[in-house]
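[1] turn this into a structure:
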Amino acid sequence: MLYVISPAKNLDYETPPVIETYTQPELLDDAQELMKTCVTLTPLDLSNLMHISDKLAGLNAARFTQWQPNFTPDNAKQAVLAFNGDVYSGIDAESFSQQDFDYCQTHLRILSGLYGLLKPLDLMQPYRLEMGTKLENSRGKNLYEFWGDIITNKLNEQIAATKSEMLINLASTEYFKSVKKNQINAQLITPVFKDWKNGQYKIISFFAKKARGLMVQYLVKNKVESLEELLKFDLADYQYNADLSKPNEPCFTRRIAD
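    Numbering: from 1, shown residues only. Down below sits the predicted model:
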């Protein structure tokens, strides 16, 4: 079983990593190629392109100019510990044992606009470049065209290496569009998380993101290898709901008292 998630906009490079082990991203040559375009962008360009504040645009323009391909623990951090958003709060990698990290390193991949595909312990320098950004580059008019089949091929390599029969999609729509679904050599499973609100079950973005991270935590800590075991997911009071599920889209619901 292999599973993929999205990155996070927020980053944490202040907290010391809880593990010393690290690896290097496999697609650094592609990231360097993309950086040739990124370093030409001014803060104003970034503000207009990403619809972010002047302050954030200045910060990320500086990150691009400071970026270098020689990643060390002094200038980079393991991806699963550097990203700091709702999904990663749910994953809670800081609580992982060495065995958990080893399992996670084999079974989890992080989709990235800049790095393509990251293993959890891949060192990563800070950046902001969302996959949906319409950035003209050497390979096309956006990042989907830049990455082409590369991400899909890498996922298939890992599916073959781990003899995985399923790819669990815990990424956002924006990021999973970088994967050519019809070319994946495994059954695609996309869990859905819904909370009770105003008399019905709905997808609530904040809770759904956290739930995707909780699912990763559950899969890692329980070393889940089958759909049957995945359906037993019960963190934060979520339960499998057969009535609301669709083929390859298991639905997990939670009803908290109003």
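
[2] my guess is T65 meets V39, correct?
    Yes. Here T65 reaches V39: they are 5.9 Å apart, a contact under Cβ atoms under 8 Å. Where C-beta positions appear, they are placed from N, C-alpha and C, glycine not excepted.

[3] in the stretch 1-150 of the chain, which spans are strands?
    Secondary structure of the stretch 1-150 of the chain (DSSP state E, counting those that start in this stretch): strands located at 2-5, 77-78, 108-112, 116-118, 123-124.

[4] next, count neighbours for Q98.
    A count of neighbours around Q98, defined by other Cβ atoms under 10 Å, yields 9.

[5] please name the residues that touch T133.
    Neighbouring residues of T133 by Cβ atoms under 8 Å, 6 or more residues apart in numbering: 49-50, 113, 142-143.

[6] most neighbours, which of those?
    That'd be G113 among those, by other Cβ under 10 Å, with 25 neighbours.

[7] which stretches of this protein have low pLDDT?
    Residues of the chain meeting the criterion pLDDT under 70: 257-258.

[8] now do the buried residues in the longest helix along it.
    The longest helix of the chain (DSSP state H) is helix 205-221. Residues 207-221 are the ones in helix 205-221 that count as buried (16 or more other Cβ atoms under 10 Å).

[9] relative to G58, which of those residues is nearest.
    Checking the buried residues of helix 205-221 against G58 by Cβ to Cβ gives K209 as the nearest, at 27.1 Å.

[10] isn't that closest one right up against F83?
    No. Under the criterion of Cβ under 8 Å, K209 makes no contact with F83, lying 11.9 Å away.

[11] could I get the phi/psi values of D195?
    Main-chain dihedrals, D195, degrees, to the nearest 10: phi -120, psi 150.

[12] quick check: bridge partners of it?
    K202, R254 (DSSP bridges).

[13] and it, what does it touch?
    201-204, 207, 253-256.

[14] returning to that earlier point: what about the contacts of T133, which are in helices?
    Among those, the members falling in helices (DSSP H) are 49-50, 143.

[15] what ranges does the stretch 1-150 of the chain have for its helices?
    28-38, 43-50, 54-66, 79-82, 86-91, 98-107, 143-147, 150-161 (DSSP state H, counting those that start in this stretch).

[16] so which of these is the most surrounded?
    helix 79-82 (a mean of 25; mean count of other Cβ atoms under 10 Å).

[17] so for D12, which of the strands of the stretch 1-150 of the chain sits nearest?
    Using Cβ to Cβ, the strands of the stretch 1-150 of the chain put strand 77-78 closest to D12, at 8.0 Å.

[18] circling back: which of the contacts of D195 has the most neighbours?
    Result: F207 is most packed of those (other Cβ under 10 Å), 21 neighbours.

[19] wait, that one touches V192, no?
    No. If you go by Cβ under 8 Å, F207 and V192 don't touch, sitting 11.9 Å apart.

[20] still on that earlier bit, and which of the buried residues of helix 205-221 is nearest K181?
    For the buried residues of helix 205-221, the residue nearest K181 by Cβ to Cβ is R212; the value is 17.8 Å.

[21] ok, that closest one - contacts?
    Here R212 is in contact with 5, 87, 90, 170-171, 191, 193 (criterion: Cβ under 8 Å, 6+ apart).

[22] of these, grab the buried ones for PyMOL.
    Buried residues among those (16+ other Cβ under 10 Å), as a PyMOL selection:
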select buried, resi 5+87+90+170+171+191+193
